[in-house]
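In: what's the 3D shape of this:
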Amino acid sequence: MTLPMQQSKADSPLNSPNREADTALASACARHDPSAERRLIQQVFDLVVSTISYAVNSRTYADDIVQEALIEILDSMVHYRGDCSIETWTRKIALRVAMKTVKIQRRRAGLMFFFPRS
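Out: Numbers count the residues shown, from 1 in each chain. The predicted structure follows:
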């Protein structure tokens, strides 16, 4: 049995140049730097749109949810620790916002059924 070679901390994926760039971008966004926020949105916009479009499967709601997700992503940048890539982190937030919105819409649809408008 052969043991795998241990990676040094310098070779760890957590210390990759991209991770350092992600962390620097996140901290600049947390300081509300407009150019950093613009860069972040440009970097993750297509990912957020595709994630939400897949989750919601409705173009009507997708545009509104994308806006909500981007706002949530920017507001949450102070919590980004660099444990994963910024793309993975934003995908998770976008999915959470989409599921929350779908849940609210379903709840409203149920309430409208039981309490019709006059």
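In: Could I get the contacting residues of the residue nearest the centre of the chain?
Out: Central residue of the chain (Cα atoms, centre = their mean): Thr90, 2.0 Å from the mean position. By Cβ atoms under 8 Å, 6 or more residues apart in numbering, the contact list for Thr90 reads 44, 47-48, 73. Heads up, the C-betas are built off the backbone N, CA and C, glycines and all.
In: OK, contacts around Ala98?
Out: Ala98 touches 51-52, 55-56, 65, 69, counting by Cβ under 8 Å, 6+ apart.
In: ok, now how distant is Glu68 from Phe45?
Out: Separation of Glu68 from Phe45 (Cβ to Cβ, to the nearest Å): 14 Å.
In: Looking at those two, which has the bigger crowd around it?
Out: Neighbours were counted for Glu68 and for Phe45 using other Cβ atoms under 10 Å; Glu68 has more, 16 against 13.
In: Where does the more buried one sit, in terms of helix or strand?
Out: helix 59-75 (DSSP states H and E).
In: contacts for that helix?
Out: Applying Cβ under 8 Å, 6+ apart, the external contacts of helix 59-75 come out as 29, 37, 40-41, 44-45, 48-49, 52-53, 56, 90, 93-94, 97-98, 101-102, 105.
In: coming back round to it: what subset of the contacts of Ala98 is buried?
Out: Taking 16 or more other Cβ atoms under 10 Å as the criterion, what is buried in the contacts of Ala98 is 51-52, 55-56, 65, 69.
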